[in-house]
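Visitor: Sequence first, predicted model second:
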Amino acid sequence: MSILVTGGAGFIGSNFVLDWLAQSDECIVNLDALTYAGNRENLASLAGDARHQFVQGDIGDRALLDRLFAEHRPRAIVHFAAESHVDRSIHGPGAFIKTNVEGTFSLLEATRAYWSRLDDKDALRFLHVSTDEVYGSLAPDAPAFTETHPYEPNSPYSASKAASDHLVRAWHHTYGLPVLTTNCSNNYGPYHFPEKLIPLVIVNALAGKPLPIYGDGQQVRDWLFVGDHCSAIRRVLEVGRLGETYNVGGWNEKTNLSIVHTICELLDELRPSPEGSYKRLITHVKDRPGHDRRYAIDARKLQRELGWRPAETFETGIRKTVAWYLDHQDWVQRVQSGAYRDWVARQYAP
Ligand code: NAD
Ligand code: TYD
């Protein structure tokens, strides 16, 4: 038996692949285009492991998808591949439409063709990994997003993810494709590309660079340790009800400014700077256009129906994360300089 994972060289995907193979001998076919966000070095510990087959390719390449389905006959597809950074989507939305909308369409169609030829149609699962950002921005005192909250995406990124969620839903209702969708809050943890808030702040602080806070820094995000997102996905894949969506979150609403303060305090403790607290580097900069003020996830459906609970609190997760970045300065250095591409090319040269 095997599963097909898309985007498994990115932040969450690589954590998912590593966690999966730490707990199961079921093989993974990992399809990833290796955009700037894909890094095979994240999977270096799997070198020579026959349970992991890496395929460099695009989810928009239908012929490749058909070949992979025919060759590996996966029992499930776990779809992470996406353009994922809001700021990039503001500067260049085209890639987001291409991968998140058209790419998901291509993957759905290839899955449907494969599924239509299966004898046991109930055995397949297509799990679509999505985000809480599709629900838009919450007022300060509004209740957290439930699965029935209206879709009100505000950025090109969230609009493209919302579009992909709608396609997945329609492929279930129209064709009966056995789909599951998860909408998760902001993740953090190892292998997070240092363009996103938490790794950027850790890496900049250690380099003595400014810690950029957009606007007043009072925007709220709901943070979940990446390992807990992975365990939620495994749980939904195992026992989720077909056609359902599940919100994933850990009840950790924090303002951006408080996140940055926490990281500075941890660094002050673990790697004190002779120049004083890292908080001196905090710099307020121009706000992001259309910046959503607050996200918050109500994950009670997942807890009640599937018995999932996060293992980490924010305090334990952020400490682990800061420690990971301190221990993996070489990874950071290669990602920041772009040398991860050379490193990967050397390790995986034919
Ligand atoms: P990421 O940007 O770190 O990784 C994306 C991966 O997809 C990369 O390895 C990239 O090479 C690959 N990819 C991009 N375009 C591709 C294409 N056309 N074909 C094949 N592979 C392609 O993203 P992430 O943070 O790991 O997010 C993974 C998924 O989880 C995304 O769908 C994202 O929307 C969703 N999500 C992310 C968060 C978060 O906080 N990061 C929260 C909720 C949901
Ligand atoms: P980010 O990590 O980009 O995730 P998302 O936009 O998907 O929530 O940003 C998290 C929050 O941090 C968001 O409110 C924007 C803010 N932010 C900053 O204040 N400064 C930064 O340099 C970055 C990258 C983000």
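Guide: Arrived safely, thanks for sending. Please read these numbers as outputs of a predicted model, since none were measured by experiment. Residues are numbered from 1 along each chain as shown. Ligands and ions are numbered 1, 2, ... in the order given.

Visitor: Please identify the buried residues of the lengthiest helix in the chain?
Guide: When secondary structure is assigned using DSSP state H, the longest helix within the chain turns out to be helix 156-175. Along helix 156-175, the positions that meet the burial threshold by neighbour count (16 or more other Cβ atoms under 10 Å) are 156-165, 167-168, 171-172. Any C-beta I mention is one placed from the backbone N, CA and C, and that applies to glycine too.

Visitor: now swap in stretch 268-280 and tell me
Guide: By neighbour count on 16+ other Cβ under 10 Å, the buried set for stretch 268-280 is Tyr278.

Visitor: Just the C-alpha atoms of the longest helix of the chain, please, in PDB.
Guide: This file holds the C-alpha atoms of helix 156-175, laid out as PDB (Å, rounded to 0.1, in the frame of the first residue of the first chain):
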ATOM      1  CA  PRO A 156      -5.000  36.400  -3.600                       C
ATOM      2  CA  TYR A 157      -3.600  33.500  -1.500                       C
ATOM      3  CA  SER A 158      -6.800  32.900   0.500                       C
ATOM      4  CA  ALA A 159      -9.000  33.400  -2.600                       C
ATOM      5  CA  SER A 160      -7.000  30.800  -4.500                       C
ATOM      6  CA  LYS A 161      -7.200  28.400  -1.600                       C
ATOM      7  CA  ALA A 162     -11.000  29.100  -1.200                       C
ATOM      8  CA  ALA A 163     -11.400  28.300  -5.000                       C
ATOM      9  CA  SER A 164      -9.500  25.000  -4.500                       C
ATOM     10  CA  ASP A 165     -11.800  24.100  -1.500                       C
ATOM     11  CA  HIS A 166     -14.800  24.800  -3.700                       C
ATOM     12  CA  LEU A 167     -13.500  22.500  -6.500                       C
ATOM     13  CA  VAL A 168     -12.800  19.700  -4.000                       C
ATOM     14  CA  ARG A 169     -16.300  20.100  -2.600                       C
ATOM     15  CA  ALA A 170     -17.900  20.100  -6.100                       C
ATOM     16  CA  TRP A 171     -15.900  17.000  -7.100                       C
ATOM     17  CA  HIS A 172     -17.500  15.200  -4.100                       C
ATOM     18  CA  HIS A 173     -21.000  16.400  -4.700                       C
ATOM     19  CA  THR A 174     -21.100  16.000  -8.500                       C
ATOM     20  CA  TYR A 175     -18.900  12.900  -9.000                       C
END
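
Visitor: Tell me the confidence at Thr350?
Guide: One thing to correct before we go on: residue 350 is Pro, not Thr. Taken from the predicted model, the pLDDT recorded for Pro350 is 62.

Visitor: quick one on the thing from earlier: which helices and strands does the longest helix of the chain pack with?
Guide: In terms of contacts (3 or more Cβ pairs under 8 Å, 6 or more residues apart in numbering; DSSP states H and E), helix 156-175 is packed against helix 86-91, helix 94-96, helix 104-116, strand 125-131, strand 179-184.

Visitor: now Ala38, nearest residue through space, not along the chain?
Guide: Heads up, residue 38 is Gly, not Ala. Ala9 (3.9 Å; Cβ to Cβ, 6 or more residues apart in numbering).

Visitor: Walking through this structure, point out its strands one by one.
Guide: Ranges of strands within the chain are 2-6, 27-32, 52-56, 76-79, 125-131, 179-184, 186-188, 211-214, 220-225, 245-248, 253-255, 282-285, based on DSSP state E.

Visitor: And the pLDDT for the nearest residue to His166 once chain neighbours are set aside?
Guide: Here the nearest residue to His166 in space, its sequence neighbours aside, is Tyr151; by Cβ to Cβ, 6+ apart that works out to 7.8 Å. Confidence per residue is given as pLDDT, and for Tyr151 that number is 98.
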